[in-house]
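Participant: could you work out the structure for the sequence below:
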Amino acid sequence: MSRYIGAIDQGTTSTRFMVFDREGTVITVAQEEHAQIYPAPGHVEHDAAEIWAKTQKVMKVALAKGNLTPKDLAAIGITNQRETTVIWDRKTGKPLHNALVWQDTRNDRLVSEFAHDGGRDRFRDLTGLPLASYFSGLKLRWLLDHVEGAREKAEAGDVLFGNIDTWLLWNLTGGPDGGLHATDVTNASRTQLMSLKSLEWDEGMLSTFRIPRAMLPKIVSSSEVYGEARGEFARVPIAGILGDQQAALFGQTCFTPGEAKNTYGTGCFALMNTGEEAVPSKAGLVTTLGYRLDGQKPVYALEGSIAITGALVQWLRDNLHMIKDSAEVESLAGTVEDNGGVYFVPAFSGLYAPHWNEGARGLIIGLTRYANRGHIARSVLEATAFQTREVLAAMEKDSGIPVKELRADGGMVANGTLMQFQADILDVPVVRPKVSETTALGAAYVAGLAVGYWKGLDDLKRNWGVDKRWEPKMDAARRETTAAMWSRAVQRSFDWKADED
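Facilitator: Numbers count the residues shown, from 1 in each chain. Here you go, the predicted structure:
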């Protein structure tokens, strides 16, 4: 049997290829950033062809660094930035337009149009999702309406659609020469085109959004052998797909209802396993697929999505030039004892869960002559923790299950100041696992299960271990006061774009 499992982790800012052994240990990794394209305010794009090129590169580099060959891989899994929308020519394999990234809000007029008749929740019972610019169905509709010839070609079956998982799978398995056009249930659940109950494309949604059925991929489980790679990785099975946040849930081994994780990346995404029941949200969350193993019942989750967290640190670095490296934000924040009354609401693309306010815009409030760079840096970190607190409170309200600890992963968990404040403001412990990059690990796990590399979920649970644990230290009065100030700041950000218009 081959010794390892490979995982493609295609994220918002970069692509990685990681190789894991049976204990979930990282054997080798390679990573490449790709361009962030901002054609206009609220518009965020990626070059899908660049992403595919970077994917091929990191796969080769990682194996070379580890002195491995494709024969050392029992299977490859894929995890991806969700909702980012690609359309491409079936015959040439060339994208018809840059990919519309999940943060892109150019379809906000479509959101308003569909919400006018029935409100933002008119499709929630069917799809689990509110109407929002976030999800890929209305991004696809925008592309069909604005890319010359796209709709006619799509109706003729000559244009294909997919989130990034589908784009990579199609290219890995042959592209124009017989590439597999499929997506797993977790990614399909992010389009607002799939029924949560049937796990199939819903004809009513396709008709309402005017999406040609011929361009949609086949919906498959998260863990099964879809096919084999071509080219340099020929005959290696592609055997698992999970959207990035579901992959982190799986990598954190949150297999029991009530277990929750939060991934601290470009955005923040908290998910709670709710078992085989799709729990409708009344508190501003979304109901989504957690995962579905081959031949088994689907597992659902509640999710709270936060658009801007790690991206706010990047903004501090790239736009304001207050720091030279993202890691410097912690030391800068450490130059002050608290936020000095400064609160930063990073509603650059509106607010996601639990507010879903498309017209919200970013603000810094509470500034006085006392405030300095350290207070700004601390407010940047605290914004992530405050937003997470709102989401977890909504989860507890919807599920009726109190969160007893939060499993944390992603790039920002290296920031001890943030993790301690997160535990303080939540009043529950925050736990970082030994393998903090659980997104790629989750993709490896579902691929490995499909080919028998791991025998079952118990094998995966045995791999999970604690690296560091932060206990809450803040007194209750201070916690409630600072949280109330945050809420006041958030309310002031609401509907700024609508007022401006």
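
Participant: give me the phi and psi for Ala74.
Facilitator: The phi and psi values for Ala74, taken as degrees, to the nearest 10, are phi -80, psi -30.

Participant: tell me who's in contact with the closest residue to it other than its chain neighbours.
Facilitator: Sequence neighbours aside, Ser2 is the residue nearest to Ala74 in space, at 3.9 Å (criterion: C-beta to C-beta, 6 or more residues apart in numbering). The C-beta positions use only the backbone N, C-alpha and C, and glycine is treated the same way. Going by C-beta atoms under 8 Å, 6 or more residues apart in numbering, Ser2 touches 71-74.

Participant: can you do 10 Å?
Facilitator: When contacts are counted by C-beta atoms under 10 Å, 6 or more residues apart in numbering, Ser2 is found next to 68-75, 236-237, 451, 453.

Participant: for Pro130, same thing?
Facilitator: Shown in contact with Pro130 (C-beta under 10 Å, 6+ apart): 111, 115, 119-124, 192, 281, 284-286, 352-353, 356.

Participant: drop anything exposed from the contacts of Ser2.
Facilitator: Buried members of those, counted by 16 or more other C-beta atoms under 10 Å: 68, 70, 72-75, 236-237, 451, 453.

Participant: from those, which is closest to Ala154?
Facilitator: The closest of those to Ala154 turns out to be Pro237 (C-beta to C-beta; 30.2 Å).

Participant: quick check: the gap between that closest one and Thr28.
Facilitator: Distance, Pro237 to Thr28, by C-beta to C-beta, to the nearest Å: 19 Å.

Participant: re the thing from before, which of the contacts of Pro130 has the most neighbours?
Facilitator: Tyr352 (31 neighbours; other C-beta atoms under 10 Å).

Participant: enumerate every residue touching the residue nearest to that residue when sequence neighbours are not counted.
Facilitator: Nearest residue to Tyr352, sequence neighbours excluded (C-beta to C-beta, 6+ apart): Ser305, at 4.5 Å. Shown in contact with Ser305 (C-beta under 10 Å, 6+ apart): 82-83, 102, 132, 134, 190, 245, 267-271, 285-286, 288, 352-354, 356, 387, 391.

Participant: check contacts around Thr368.
Facilitator: So Thr368 contacts 340-342, 375 (C-beta under 10 Å, 6+ apart).

Participant: what about it, is that helix, strand or coil?
Facilitator: At Thr368, secondary structure determined by DSSP: H, G, I helix; E, B strand; the rest coil is coil.

Participant: so how far is Asp89 from it?
Facilitator: For Thr368, the distance to Asp89 - C-beta to C-beta - is 56 Å.

Participant: how about Leu63?
Facilitator: Applying C-beta to C-beta to Leu63 and Asp89 gives a distance of 30 Å.

Participant: and the two? Which one has more around it.
Facilitator: Leu63 (23 against 15).

Participant: can you pull the contacts of the closest residue to the more buried one other than its chain neighbours?
Facilitator: Spatial nearest neighbour of Leu63, chain neighbours left out: Thr69 (6.5 Å); criterion: C-beta to C-beta, 6+ apart. Applying C-beta under 10 Å, 6+ apart, we find Thr69 in contact with 2, 63, 232-233.

Participant: which of those sit farthest apart?
Facilitator: Checking the contacts of Thr69 with C-beta to C-beta, the most distant pair is Ser2 and Glu232, at 15.6 Å.

Participant: related to what we said a few turns ago, go through the contacts of Ser2 and name the one nearest Lys461.
Facilitator: Tyr453 (15.6 Å).

Participant: which of the three states applies to that closest one?
Facilitator: Going by three-state DSSP: Tyr453 is coil.

Participant: that one contacts Val225, correct?
Facilitator: No: shown here, Tyr453 and Val225 do not form a contact pair, counting by C-beta atoms under 10 Å, at 11.9 Å.

Participant: what's the overlap in contacts for these two?
Facilitator: Contacts common to Tyr453 and Val225, judged by C-beta under 10 Å, 6+ apart, are 75, 239, 447.

Participant: just the ones of those in strands?
Facilitator: Counting by DSSP state E, those place 75, 239 in strands.

Participant: before we move on, the earlier item: need the buried ones among the contacts of Ser2 in a markdown table with pLDDT and distance to Leu160, can you?
Facilitator: Below are these laid out as a markdown table (pLDDT from 0 to 100; distance: C-beta to C-beta, whole Å):
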| residue | pLDDT | distance to Leu160 |
| --- | --- | --- |
| Leu68 | 96 | 32 |
| Pro70 | 95 | 26 |
| Asp72 | 96 | 32 |
| Leu73 | 97 | 27 |
| Ala74 | 97 | 29 |
| Ala75 | 97 | 24 |
| Val236 | 96 | 23 |
| Pro237 | 97 | 22 |
| Val451 | 96 | 27 |
| Tyr453 | 96 | 31 |
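
Participant: could you dump those residues to a markdown table with distance to Ala301?
Facilitator: Listed next are the buried ones among the contacts of Ser2 as a markdown table, based on distance: C-beta to C-beta, whole Å:
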| residue | distance to Ala301 |
| --- | --- |
| Leu68 | 34 |
| Pro70 | 33 |
| Asp72 | 33 |
| Leu73 | 29 |
| Ala74 | 27 |
| Ala75 | 24 |
| Val236 | 29 |
| Pro237 | 26 |
| Val451 | 25 |
| Tyr453 | 25 |
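
Participant: now the helix or strand where Ala484 lies: buried residues?
Facilitator: For Ala484, the host element (DSSP states H and E) is helix 476-493. By 16+ other C-beta under 10 Å, the buried positions in helix 476-493 come out as 479, 482, 485-486, 489-490, 493.

Participant: and stretch 382-397, by the same measure?
Facilitator: Neighbour counts using 16+ other C-beta under 10 Å place 382-396 of stretch 382-397 among the buried residues.

Participant: export that stretch as PDB, just CAs?
Facilitator: Taking Å, rounded to 0.1, in the frame of the first residue of the first chain, the C-alpha atoms of stretch 382-397 are listed here in PDB:
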ATOM      1  CA  GLU A 382     -10.400  42.000  19.000                       C
ATOM      2  CA  ALA A 383     -12.700  42.400  16.000                       C
ATOM      3  CA  THR A 384     -12.100  38.800  15.100                       C
ATOM      4  CA  ALA A 385     -13.000  37.600  18.600                       C
ATOM      5  CA  PHE A 386     -16.100  39.800  18.900                       C
ATOM      6  CA  GLN A 387     -17.500  38.600  15.600                       C
ATOM      7  CA  THR A 388     -16.800  35.000  16.700                       C
ATOM      8  CA  ARG A 389     -18.700  35.600  20.000                       C
ATOM      9  CA  GLU A 390     -21.800  36.800  18.100                       C
ATOM     10  CA  VAL A 391     -21.700  33.700  15.900                       C
ATOM     11  CA  LEU A 392     -21.300  31.200  18.700                       C
ATOM     12  CA  ALA A 393     -24.100  32.900  20.700                       C
ATOM     13  CA  ALA A 394     -26.400  32.400  17.700                       C
ATOM     14  CA  MET A 395     -25.300  28.700  17.500                       C
ATOM     15  CA  GLU A 396     -26.300  28.100  21.100                       C
ATOM     16  CA  LYS A 397     -29.600  29.800  20.500                       C
END
